[in-house]
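**Student:** When you get a sec, could you give me coordinates for this:
(one chain, ligands or ions: 2)
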Amino acid sequence: MAPQAIIAPSILSADFAVLGPECSKTVNEHGADWLHVDIMDGHFVPNITFGAPVVGKIRSHVDKPSTPHGKGTFDCHMMIAEPKKWVRDFKKAGCDLYCFHYEAAFSDASCSPEEKSELKTSPGELIRYIHDEGLLAGIALKPDTPVDVLWDILESPIEKEKPDMVLIMTVHPGFGGQKFMASELPKVAALREKYPDLNIEVDGGLGPGTIDQAADAGANVIVAGSAVFGAKDPGEVISLLRKTVEEKVCGK
Ligand SMILES: O=C(CO)[C@@H](O)[C@H](O)COP(=O)(O)O
Ligand SMILES: [Fe+2]
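**Tutor:** Numbers count the residues shown, from 1 in each chain. Ligands and ions are numbered 1, 2, ... in the order given. The predicted structure follows:
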């Protein structure tokens, strides 16, 4: 089955003073499928955004999805050093898809020795833990991480240890508005060749000028921050991104 086209505006580029209304407008008026929520801890990446309490407040402005990948999905991109530690808080706040970084999954926590041994984990175990908490699980790769690290994870004999989505970063994580790195697209193409149904998300520098390349490589979940929130007509940009993915990836 061909994957669905999913357009997920990154609220990092929204007006933080009116984040709730910005979120509802983006989904209900402009037609976004998901909202991409960038969580940065100032440690895994050199920037800080916000945490679960803010996600909890903005969640009530957007209807919860009625199907697992449905409209209104809160796609939380966790650019944080201790991903396991925050799963429950983000679940309570209303996160639907918890996407952690592969590079952070093995990290010891900078907390007490007891917590350290509990938090140290492997990507497969962390995916299972996220699934056991009732959330969808995503795994993200920074530009310097080769796609090969994912093969064993995607081939896991344990169904609960397989991710629902892979995120290939097309910028170095930390900031919105950076230049798209086409050098990352061979990772997307390699994943798509092996996994025709997999949700493959690309994030960083996506917009009308770069969507063709990303869709040609096979990405079906498109994050766009500045291209959507900086547009005169965000709805038009979202429609164009969706149409391109539908034509090139979904065969519509
Ligand atoms: O995760 C990140 C940045 O680390 C992204 O989600 C950006 O926020 C996308 O912004 P644009 O590149 O589309 O402006
Ligand atoms: Fe992101």
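
**Student:** what does the stretch 1-150 of the chain have sitting close to ligand 2?
**Tutor:** Residues of the stretch 1-150 of the chain found near ligand 2 (C-beta under 5 Å from the ion) are 38, 77. From N, CA and C alone the C-beta is placed, and that goes for glycine too.

**Student:** try it again with 6 Å
**Tutor:** Selection of the stretch 1-150 of the chain residues close to ligand 2 by C-beta under 6 Å from the ion yields 10, 36, 38, 77.

**Student:** Could you export those as CSV, including neighbour count and secondary structure?
**Tutor:** Compiled in CSV, these are given as follows (neighbours: other C-beta atoms under 10 Å; DSSP: H, G, I helix; E, B strand; the rest coil):
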residue, neighbour count, secondary structure
Ser10, 23, strand
His36, 28, strand
Asp38, 24, strand
His77, 27, strand
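
**Student:** As TSV, those residues with pLDDT would be great.
**Tutor:** Listed next are these as TSV, based on pLDDT from 0 to 100:
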residue	pLDDT
Ser10	98
His36	98
Asp38	98
His77	98
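
**Student:** can you tell me which two in those residues are farthest apart?
**Tutor:** The largest separation in these, counting by C-beta to C-beta, is between Ser10 and His77 at 7.9 Å.

**Student:** shared neighbours of those two, which are they?
**Tutor:** When contacts are counted by C-beta atoms under 8 Å, 6 or more residues apart in numbering, Ser10 and His77 are jointly contacted by 36-38, 203, 223.

**Student:** Looking at these, spot the one nearest Tyr102.
**Tutor:** Closest to Tyr102, out of all of the shared contacts of Ser10 and His77 and judged by C-beta to C-beta, is Asp203, at 14.0 Å.

**Student:** wait, the closest one sits on His172?
**Tutor:** No: using C-beta atoms under 8 Å, Asp203 makes no contact with His172, being 11.2 Å away.

**Student:** of those two, who's got more company?
**Tutor:** Neighbour totals were compared for Asp203 and His172, and Asp203 leads with 26 against 14 (other C-beta atoms under 10 Å).

**Student:** That one bridge partners, please.
**Tutor:** Here Asp203 sits in beta bridges with Met169, Val223, as judged by DSSP bridges.

**Student:** How much space separates it from Ile238?
**Tutor:** Using C-beta to C-beta, to the nearest Å, Asp203 is found at 15 Å from Ile238.

**Student:** picking that back up, can you lay out the shared contacts of Ser10 and His77 as TSV showing distance to ligand 1?
**Tutor:** As requested, the shared contacts of Ser10 and His77 are exported to TSV (distance: C-beta to the nearest ligand atom, whole Å):
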residue	distance to ligand 1
His36	6
Val37	9
Asp38	5
Asp203	5
Val223	5
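
**Student:** Can I get the residues you listed in JSON lines including distance to Ile139?
**Tutor:** Converted to JSON lines, those look like this (distance: C-beta to C-beta, whole Å):
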{"residue": "His36", "distance to Ile139": "15"}
{"residue": "Val37", "distance to Ile139": "17"}
{"residue": "Asp38", "distance to Ile139": "16"}
{"residue": "Asp203", "distance to Ile139": "13"}
{"residue": "Val223", "distance to Ile139": "15"}
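
**Student:** Just flag the most distant two among these.
**Tutor:** Val37 and Asp203 (11.7 Å).

**Student:** list the residues that contact both of the two?
**Tutor:** Joint contacts of Val37 and Asp203 (C-beta under 8 Å, 6+ apart) are 10, 77.

**Student:** Verify the stated contact: His30 with Gly235.
**Tutor:** Yes: using C-beta under 8 Å, His30 makes contact with Gly235 at a distance of 4.1 Å.
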